[in-house]
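S.K.: Need the 3D shape of this:
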Amino acid sequence: RGERSFHIFYQMLEGLKDDTAMLKVLFLRPRTEYRYLGGTAGTFVADDAYESNVSEGEQWQLLQGAVHELGMQNDFLSILKVLSFVLLLGNLEFVDEEQSGTPHARVAQSCRAV
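M.R.: Numbering: from 1, shown residues only. Alright, predicted model coming up:
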């Protein structure tokens with residue numbers, strides 16, 4: 001089986017893929033659009049990293065149950081916003097440039113605005 005990092009991102013994207021309202025709130029896109037998840041070239045098949053043959057969707061349901069058990073329902077949206085932000089930050093590209101003889105970096109124009 002394949003191995004990859006960032007399981008929570010895969011679970012979140014799979015678990016919310018049909019929830020258009022939440023996708024909009026969190027500015028989420030298909031997982032192939034995130035560099036941290038391998039982009040179009042390197043994305044693992046969702047279920048390849050689990051030995052237990054539990055799908056990403058099932059993992060998401062288990063996570064939601066744990067959040068409920070811990071009484072964290074009111075905080076969960078904030079946690080999801082942070083996770084979404086991390087994915088979006090991973091897509092930023094920086095360009096080196098010089099201003100008045102001093103090196104600077106700026107976000108590349110090619111970065112798609114949310």
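S.K.: shaky segments in this structure?
M.R.: For the chain, the stretches with pLDDT under 70 are 1-5, 40-52, 110-114.
S.K.: quick one, strands of it?
M.R.: Counting by DSSP state E, the chain has strands at residues 94-99, 102-107.
S.K.: Now do the buried residues in stretch 7-15.
M.R.: By neighbour count on 16 or more other C-beta atoms under 10 Å, the buried set for stretch 7-15 is 9-15. No exception for glycine: its C-beta is placed from N, CA and C like everyone else's.
S.K.: can you redo those residues as a markdown table with distance to Ser78?
M.R.: As requested, the buried residues of stretch 7-15 are exported to a markdown table (distance: C-beta to C-beta, whole Å):
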| residue | distance to Ser78 |
| --- | --- |
| Phe9 | 16 |
| Tyr10 | 20 |
| Gln11 | 17 |
| Met12 | 13 |
| Leu13 | 18 |
| Glu14 | 21 |
| Gly15 | 17 |
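S.K.: Report the two of those residues separated the most.
M.R.: When the buried residues of stretch 7-15 are compared pair by pair using C-beta to C-beta, the two farthest from each other are Phe9 and Gly15, 10.7 Å apart.
S.K.: Now do the helices in the protein.
M.R.: 7-15, 20-26, 39-42, 56-69, 73-89 (DSSP state H).
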